[in-house]
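Undergrad: Quick one, structure for this:
(2 chains)
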Amino acid sequence: GENVEQHPSTLSVQEGDSAVIKCTYSDSASNYFPWYKQELGKRPQLIIDIRSNVGEKKDQRIAVTLNKTAKHFSLHITETQPEDSAVYFCAASNFNKFYFGSGTKLNVKP
Amino acid sequence: DAGITQSPRHKVTETGTPVTLRCHQTENHRYMYWYRQDPGHGLRLIHYSYGVKDTDKGEVSDGYSVSRSKTEDFLLTLESATSSQTSVYFCAIRDRESEAFFGQGTRLTVV
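TA: Here you go, the predicted model:
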């Protein structure tokens, strides 16, 4: 089955700096790669996703890149703000199954 | 928010007792998933369903069973609860090749 690894497990940045979270996956059949944000005590919610036929996608301060050859994808957050503090999860999916990384706790210091 | 509801939201149960968690959706999505969330492990897939009466195992399925007799309901059963099954359980729904929407979660404590 799929194995999704996520790094780092914790990340602390100063407000205004950029944050990068990286994930690798093992199943070459995976074709959909979403990123979720989970605030304390709440459910995970989608912030951005990318499909296997696309190399990069941006949405305001958030961007995701995908390298299918190397089987890795990354989340980039620019101009971080205190409200970006949360746990972020990457995931990989091949039609039916949906596997998540272990999460990155991002702390944005004011 | 997508129409997905988990019940109960909180439960405390004793070791060895059976427990059933319910996930109900009003979106008519084909796929439904059960995950458990534990510190340091992220979200781990327990079981999933790709249609009525069609289910398959995930990465941590031992000790759990599921049933889906209707499109809208996906039940997770712990046949004999153990302390290692203390966790937060999330249900998720998904239409084909789209994002997954999560329920509010169920906090289960086995004492």
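Undergrad: What segments of the chain are strands?
TA: I went with chain A, as the question did not name one. If DSSP state E is used as the criterion, the strands of chain A fall at A:5-7, A:10-14, A:19-24, A:32-38, A:45-51, A:56-59, A:62-67, A:72-77, A:86-94, A:97-100, A:104-109.
Undergrad: wait, chain B
TA: Using DSSP E, the strands of chain B run over residues B:4-7, B:10-13, B:19-25, B:31-38, B:42-51, B:54-57, B:64-70, B:73-78, B:87-94, B:100-102, B:106-110.
Undergrad: Can you name the residues of chain B that neighbour chain A?
TA: When proximity is defined as C-beta under 8 Å from any C-beta of the partner chain, chain B approaches chain A at B:31, B:33, B:35, B:40-45, B:48, B:50, B:56, B:58-59, B:90, B:92, B:94, B:96-97, B:99-100, B:102-105. Bear in mind the C-beta positions are built from the backbone N, C-alpha and C, glycine included.
Undergrad: List the contacts of stretch B:13-27.
TA: Residues outside stretch B:13-27 that contact it (C-beta atoms under 8 Å, 6 or more residues apart in numbering or on different chains) are B:2-8, B:11, B:32, B:34, B:71-83, B:89, B:91, B:93, B:95, B:101, B:103, B:106, B:108-111.
Undergrad: mean pLDDT lowest for which of the strands of chain A?
TA: Within those, confidence is poorest for strand A:97-100, with a mean of 89 (mean pLDDT).
Undergrad: so what does that one touch, helix or strand wise?
TA: Here strand A:97-100 touches strand A:86-94, strand B:42-51, going by 3 or more C-beta pairs under 8 Å, 6 or more residues apart in numbering or on different chains; DSSP states H and E.
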